[in-house]
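# The amino acid sequence is not available; the structure is as follows:
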């Protein structure tokens, strides 16, 4: 692959759109981010890394962290996890509570807020909130080969203050017996992992195991079983972008997960993983410029799984 | 690929499950089908075809026809189609009317009943119901290289008699201005294409263009643009199995569409297309034995797009 | 009661509001009505009648007819009717289809469209659509003591042409087995009784039995049992104005039923019945000026059941 | 009125049904109540009181307290209250969260849990939770002429422990800005007033002002305006029994409010007020034996507002 040409095409494609979209403003720490930022990193199985723009600048990965907590939970308990959370698209917004009522407290999938809270609750169950977060950070540092991965405490605290909707989801699930720990304990862990700060380079590198059937190709270490890896990718394809998932599947054609910090993580099976970041969001909460970058990348590389 | 071994593995895997699931019984013609039937056909880009069991027996393709009407509609008008129908998973059953109310008569995607009725209405718009059906049959005959593809009139008439729910959907969309032709005219065409009878061999062959970016690899004829082809595949992946789509994506990992006649059509991009048929259905209306066959095939071939 | 003073108060109260609200325009025959029209008639148990304005002008009673079909159905079968229709407020708009899906084709109450269609279907069951309409008209003529009560055929035909939403409701209920006659047959009867033309004087007179425990006080003829009469009044109080019923209960405090033709029928138990008409509607489809007139009447007479 | 005969009829009617229904068991304090209990008290405008059975035994009034908090809130701010809570039936269960999502955090009416929490929040706004509860208790003692009215702290603490669903409602409304105080503060007040213990005699006496246009007829003291009184009665009629309100309106025909402790409070405008208590509940959470008692009372007295 002529990566210089691919990167140049991406740079040209995003250039006229820089700054488009709406920066998340429900907490001050996110609202303050410069909307002109744009970074991209492509991690390949052979260890090569191709970067563009602000690829080494930290941003709040937000909901992208759900991919890593889901992987951890599947590693820990495997298929039993699905007793507490589904794996189907919800057809609703990321924070909708409607389906939880008719489906008696079982969220549709682990990538909407309710589902990710259940996954976090499951991890907290086993070791408590502090050890769970410590283990997650430690794992991300090892996978990304960079010990600077950390939690942005200011963001975590802002999330906790603005967290009424997530508290509603958690108490609601608790009323159906689908939350095992005290709401504030599980939510503290949830707000913490949503506040993880990473660079595109770190993020692409950390997710590489998902492109290689669950094994990190550089270390050879197995992170999850091949089955779990396929499950994570399938869930990202079906549910990774809330009620924009179908459109993302068409435009990008790769399993992915967006975060309201403007990051998108994408997995290209057997090829590599890509992280892109640009703060302006579309109506479904996916980075506008990030999507354009990924669309261009997929066109240039032919990596869509649907071609 | 050692196809003999693959077929043998599939035959061995399905053998203990033959007859499982529930045969659709809402119309007599479907209820009468022998639940022990099982057929499978794999069409490859080089023209090769690998078959198993009752691969040359006709069955009612039912909702699988929605893939072909969607392709025709995209060929005819391209992206304008999406003004009348969405492309996101619905999170609801195949015949749900709930979302139509809050979303003002615009169905979530073209593979649920409401969406497929709009697609049919769109095709009827252009040439009338009879010519539209004639064109569809002619196209399927050409693609499958078999002039015996036909409509089972007994099934079509049964569907029409049992069609209260689809009539409700059609009148409901009409009340929002999203049906252009008389309800009974559009539904006659809809019931007709759902009643198309094909064999696994014909079906796999007819869908091969979806695995090759919109071009039939044997004739070289372009059926739809590469963009439309990706769109169809993405919609099949996200929405092809109603509220079982997420699970199908994990287990099979390929774009597919199920029909209540027990057929499943699956597209393996750049490799080929597969049709399987076995009448017993799971709760979501997908063939139980057919799913097992596909799961085995994907494991044996490594064709999942998520590995 | 000093009726001259009461009527004068009402006339003074409505005067500055004449013409307010929005005239129904979904069919031409309703859209053409002069928005300045206002009529009111009060029928008392002793046979006295007090009128104001255009009390002798015909208007389309529309959904007010549902009160009479409900009374007829209860007279015919009594409590068995409730196997097919509920008697609780719906919390939704008059033509909503959402609850029908989760409640498997059983409408919430007989005063929303779906419920009234079931009631009509029930009456059609017994004698066929023509005889059912003939019997209803005959009954209304007898009750009102006026043989000019009739169906406005132009309105009935317009309703039938614009009836997509009601067709959707009917086919949907049919798919659950809750419609016994062909959809178009039941709907023809439904559209006919919604198109009944009456004057305020006729309407108030015809409903007097509801204020006197089911017996017409002037003829002494029992129309429905005391139990059924209470049921009709209770349903009118709870459900007579769709999602404006709670507010109507507060402002007027009497069982009532509105129609999109601008009429409102109100029952004052042991006192009398009132019909008011003025075409402009509020957002819930209740006559704006009619509501002001009734509010004034209730304040002047102390007839609210909640005082 | 021959009250001895009325009471004898009621006693005879309930006798074969004593113990029917299901005692609420979501908190131990309610589950422990003897299901055979039955008490009834009728308070008349002239100060007379007619009692039956366990009319002087304390029970947990639970949701009946919502009638008194609503009256207090209307007294304090009048119509402005309706900016934060509706006054229409919900068509849903008492603790449903679904409508809150589409209606952006504004509950349908003040007698479902979400609405009552908003009313409580409004009262807490003004004086804080402790003073608000103190004022409510003081008012109930004065109205009932009995200083033994109190909060059952064991019940209040049980409610708080079992309160996940109500916490979900409160946090959800807070996310829309419709809760002004900290969730736990408002809920502490809410759980306290639901845990008020009163006898039938005290309760009937305390609600007498609602039957007399807002004035306590024995003291002459105005509790709420006539308008507010009518509003409370109308809301009780439309919404007092959740999704059983329509049936209650028919069977009893009087504004009322049920509580899961087995109490029902009913208002007979211009006549008096009635409190009945028996712990076994029907599916909608209304006392089974209490309903039979009220039905008999209304038949014997002719007090239904619909006759």
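Sure thing, it's come through. Note that the coordinates shown come from a computational prediction; the quantities given were computed from them, not determined experimentally.
# okay, CA-based contacts and neighbour counts for the rest of this
Will do.
# right, is stretch A:120-135 up against chain D?
No: residues of stretch A:120-135 contacting chain D under Cα under 8 Å from any Cα of the partner chain: none, with a closest distance of 15.9 Å.
# Which positions in that stretch come out as buried?
Residues of stretch A:120-135 classed as buried: A:120, A:121, A:122, A:123, A:124, A:128, A:129, A:132, A:133 (neighbour count, 16 or more other Cα atoms under 10 Å in any protein chain shown).
# same thing with stretch A:168-177?
For stretch A:168-177, burial by neighbour count (16+ other Cα under 10 Å) applies to A:168, A:169, A:170, A:171, A:172, A:173, A:174, A:175, A:176.
# ditto for stretch A:72-91
By neighbour count on 16+ other Cα under 10 Å, the buried set for stretch A:72-91 is A:72-75, A:81, A:84-91.
# Distance of the most centrally placed residue in chain A relative to residue A:242?
The centroid of chain A falls nearest to residue A:64 when counting by Cα atoms, centre = their mean (1.4 Å). To residue A:242, residue A:64 is 12 Å away according to Cα to Cα, to the nearest Å.
# do the same with residue A:263
As for residue A:263, its distance to residue A:242 is 15 Å (criterion: Cα to Cα).
# Comparing these two, which residue is more hemmed in?
residue A:263 (33 against 27; other Cα atoms under 10 Å in any protein chain shown).
# Other residues contacting the helix or strand of chain A with the lowest mean pLDDT?
Taking mean pLDDT, DSSP states H and E as the measure, chain A has helix A:98-102 as its least confident helix or strand, at a mean of 87. For helix A:98-102, the surrounding residues in contact (Cα atoms under 8 Å, 6 or more residues apart in numbering or on different chains) are A:90, A:106, A:107, A:108, A:172, A:173, D:96, D:97, D:98, D:101.
# Over to stretch A:181-195?
For stretch A:181-195, using Cα under 8 Å, 6+ apart, the contacting residues are A:60-66, A:116-117, A:120-121, A:124-125, A:129-130, A:132-133, A:151-153, A:155-157, A:159-160, A:166-167, A:170-171, A:174.
# Close to chain B: what parts of the stretch 151-300 of chain A are there?
Residues of the stretch 151-300 of chain A lying near chain B (Cα under 8 Å from any Cα): A:211-213, A:226, A:229-231, A:233-235, A:237-238, A:243-247, A:249-250, A:253, A:269-270.
# could you list every residue that touches the residue of the stretch 101-250 of chain A found nearest chain B?
Residue of the stretch 101-250 of chain A nearest chain B, by Cα to the nearest Cα: residue A:246 (4.5 Å). Residue A:246 makes contacts with A:238, B:87, B:88, B:89, B:234, B:235, B:238, as judged by Cα under 8 Å, 6+ apart.
# ditto for residue A:81
Neighbour list for residue A:81: A:73, A:74, A:119 [criterion: Cα under 8 Å, 6+ apart].
# Residue D:294: which of the buried residues of stretch A:72-91 is nearest?
residue A:84 (44.6 Å; Cα to Cα).
# Find me the pLDDT at the closest residue to the closest one other than its chain neighbours, would you?
Excluding its sequence neighbours, the residue lying closest to residue A:84 (Cα to Cα, 6 or more residues apart in numbering or on different chains) is residue A:106, at 5.9 Å. pLDDT, residue A:106: 96.
# Quick check: the gap between residue A:106 and residue A:205.
For residue A:106, the distance to residue A:205 (Cα to Cα) stands at 32 Å.
# Same drill for those two, tell me which one is more crowded.
Neighbour totals were compared for residue A:106 and residue A:205, and residue A:205 leads with 30 against 23 (other Cα under 10 Å).
# Counting by contacts, list what the helix or strand in which that one is found packs against.
Element membership for residue A:205, per DSSP states H and E: helix A:200-206. Helices and strands touching helix A:200-206, as assessed by 3 or more Cα pairs under 8 Å, 6 or more residues apart in numbering or on different chains; DSSP states H and E, comprise strand A:39-44, helix A:129-144, strand A:272-277.
# The same query, at a cut-off of 10 Å, please.
Contacts defined by 3 or more Cα pairs under 10 Å, 6 or more residues apart in numbering or on different chains; DSSP states H and E place helix A:200-206 against strand A:39-44, strand A:49-53, helix A:129-144, strand A:196-198, strand A:263-268, strand A:272-277.
# next structured bit after the longest one?
In other words, helix A:129-144. Next element after helix A:129-144 (DSSP H and E): strand A:150-151.
# returning to that earlier point: show only the entries of the contacts of helix A:98-102 found in helices.
Counting by DSSP state H, the part of the contacts of helix A:98-102 found in helices is A:172, A:173, D:98, D:101.
# what would these look like in CSV with distance to residue C:145?
As requested, the ones in helices among the contacts of helix A:98-102 are exported to CSV (distance: Cα to Cα, whole Å):
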residue, distance to residue C:145
A:172, 59
A:173, 61
D:98, 49
D:101, 51
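# Pick out the residue of chain A closest to chain D.
Closest point on chain A to chain D, by Cα to the nearest Cα, is residue A:168, at 4.0 Å.
# That residue: what's it in contact with?
Going by Cα atoms under 10 Å, 6 or more residues apart in numbering or on different chains, residue A:168 touches A:95, A:97, A:114, A:174, A:183, D:97, D:164-175.
# Please give the three-state secondary structure assignment for it.
Secondary structure, DSSP: H, G, I helix; E, B strand; the rest coil: residue A:168 is helix.
# tell me the pLDDT at the nearest residue to it once chain neighbours are set aside?
Nearest residue to residue A:168, sequence neighbours excluded (Cα to Cα, 6+ apart): residue D:168, at 4.0 Å. For residue D:168, the model assigns a pLDDT of 96.
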